[in-house]
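Novice: Sequence below, structure please.
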Amino acid sequence: MQRIMKTLALGVGAIAIMAGGAWAQSGSVANAVGGYSFDDAAKEAEGTKNFHSNDGVLTFAIVTHTAGNGFFDPVYAGALAAANLIGAKVLLLGSESPVDDPARAIEITNQILQDPNLDGLIMTTPQAGAYDDIVRAAYAAGIPVATTNSFDGGIHDRLNISHTGQDASAAAIAGAALVQCLIDNGVTGGSIVFPSSTALGNIEVNNRVSSAYNATVAALQAAGKLDAFKVDAGPENVGVDADPNDPVAAIVSLFESRGDVVGAFAGNNVFTPALAKAVAQTGMTGKICAFGFDLGPAQQEALASGDLTGALGQQPFLQGFWPVMQLYLQIDRGIAAANLDTRAQLVTKDTVGTVGKRFEN
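Specialist: You can find the predicted model right below:
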């Protein structure tokens, strides 16, 4: 009898499993409510490959304002990865300079607009107000535009141009982390400085410094410690002016002139490696809360050595990948410009080993 009951139980279990499988399939959707097939809807439009240049392949160009220091390497990798997915070509272009060079980037952009094979333009826009003529020229040639990395809020037709990048307010994460570092280390007073340079003309960097400065002040005030520290980001809170052509010496000089620096923040790929070198040269490794921006090779080495306490990554792979996909969707689907905020990733000595494994930072 027990054997019969056991056999019946197994049979009922098998039926339940089969029924469960049948029920799992019952929610499958093959066609849209409008009657069309999703398989057909997912296919690329027939004329997409012949958009604009009519040569059977989409060709996009991405132009950055500094290809000489490694930050934009993952941006280029992301753009190429996206182009490979959709069977497009992407021209990887940018200023050869290791520091911001918007003028050279604009020159390259104007040149590439003359290429008859170009189907879409992606560009960084660090110099606010300098790109309106480029957008108008691209539109006149029938070429759609996307911007990435640095943001020009007043660019011609801004509301119809997608932007991929990190909002400058993300730098507040570093300001708050800097104060927490001081508290954790038992620091009771001293100077906190924000070396930078407005001469580079990068409004995005200026806004980062302001955001980090404001967050630092707010965190110190919340902790009841603001009066014990001298927080200096220059007269307009966009940075204590430092020479971008010799940033290490400039920061060393700043440290020595103050004599009591316990914290520092640098807002870009020019001053962050310089901050780390200045910390090492002045023997302040482990004695200062030093935070910076971006996660290039120099920053990762400095984090591992302790010359930098932390750095903010802006996930630049996405800043290459998404603009290519956005232009493709705009051409193939007529999808309106969709912005992407790549947010911020705070990396420290404890976590630096986890970044950059797939060229994403």
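Novice: which residues touch residue 317?
Specialist: 74-75, 77-78, 81, 358-361 (CB atoms under 8 Å, 6 or more residues apart in numbering). The way it works is simple: take the backbone N, C-alpha and C, and place the C-beta from them, glycine included.
Novice: Closest one of these to residue 170?
Specialist: residue 361 (14.4 Å; CB to CB).
Novice: sec struct for the residue lying closest to that closest one once chain neighbours are set aside, please.
Specialist: In space, and not counting its chain neighbours, residue 361 is closest to residue 295: 4.1 Å by CB to CB, 6 or more residues apart in numbering. Under the three-state scheme (DSSP: H, G, I helix; E, B strand; the rest coil), residue 295 adopts coil.
Novice: what's the burial count for residue 295?
Specialist: As a burial measure, residue 295 scores 26 neighbours (other CB atoms under 10 Å).
Novice: Report pLDDT for it.
Specialist: Confidence at residue 295, expressed as pLDDT, is 89.
Novice: show me what contacts it?
Specialist: 311, 313, 345, 347, 355-356, 361.
Novice: before we move on, what about residue 288?
Specialist: Listed by CB under 8 Å, 6+ apart, the contact partners of residue 288 are 261-264, 279, 309.
Novice: That one and residue 309, how far apart?
Specialist: Per CB to CB, to the nearest Å, residue 288 is found 8 Å from residue 309.
Novice: For the contacts of residue 288, please prepare a markdown table with the additional fields neighbour count and pLDDT.
Specialist: What follows is the contacts of residue 288, written out as a markdown table (neighbours: other CB atoms under 10 Å; pLDDT from 0 to 100):
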| residue | neighbour count | pLDDT |
| --- | --- | --- |
| 261 | 25 | 98 |
| 262 | 23 | 98 |
| 263 | 25 | 98 |
| 264 | 27 | 98 |
| 279 | 26 | 98 |
| 309 | 25 | 98 |
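Novice: These: which two are farthest apart?
Specialist: 261 and 309 (13.1 Å).
Novice: can you redo the contacts of residue 295 as TSV with pLDDT, secondary structure and distance to residue 337?
Specialist: Formatted as TSV, the contacts of residue 295 follow (pLDDT from 0 to 100; DSSP: H, G, I helix; E, B strand; the rest coil; distance: CB to CB, whole Å):
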residue	pLDDT	secondary structure	distance to residue 337
311	97	strand	30
313	92	strand	25
345	89	strand	25
347	96	strand	30
355	85	coil	29
356	77	coil	30
361	75	coil	26
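Novice: out of the residues you listed, which is most surrounded?
Specialist: Comparing the contacts of residue 295 by number of neighbours (other CB under 10 Å), residue 311 comes first, having 30 neighbours.
Novice: wait, isn't residue 248 in contact with residue 277?
Specialist: Yes: between residue 248 and residue 277 there is a contact under CB atoms under 8 Å: 4.7 Å.
Novice: In the chain, where is pLDDT below threshold?
Specialist: Under the criterion pLDDT under 70, the flagged ranges of the chain are 1-25.
Novice: Grab the most central residue of it for me.
Specialist: Geometric centre of the chain, nearest residue: residue 314, 3.3 Å, by CA atoms, centre = their mean.
Novice: Disregarding residues adjacent in the polypeptide, which is nearest to it?
Specialist: Closest residue to residue 314 apart from its sequence neighbours, by CB to CB, 6+ apart: residue 166 at 3.8 Å.
Novice: Contacts only, for residue 144.
Specialist: 120-121, 138, 327, 330-331.
Novice: can we see that at 10 Å?
Specialist: 51-52, 60, 119-122, 138, 160-162, 326-328, 330-331, 337 (CB atoms under 10 Å, 6 or more residues apart in numbering).
Novice: how about it, phi and psi?
Specialist: Main-chain torsions, residue 144, degrees, to the nearest 10: phi -70, psi 150.
Novice: Look up how far residue 286 lies from it.
Specialist: 50 Å.
Novice: How about residue 257?
Specialist: For residue 257, the distance to residue 286 - CB to CB - is 22 Å.
Novice: tell me the domain ranges of the chain?
Specialist: Domains of the chain are assigned by automatic domain parsing as 50-166+316-343, 169-313.
Novice: okay if I get these as a markdown table plus distance to residue 42?
Specialist: As requested, these are exported to a markdown table (distance: least, CB to CB, whole Å):
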| stretch | distance to residue 42 |
| --- | --- |
| domain 50-166+316-343 | 11 |
| domain 169-313 | 33 |
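Novice: got the residue ranges for the strands in the stretch 151-300 of the chain?
Specialist: Remark: strands assigned in the stretch 151-300 of the chain by DSSP state E, counting those that start in this stretch are 163-165, 190-193, 195-196, 229-232, 240-241, 261-265, 289-293.
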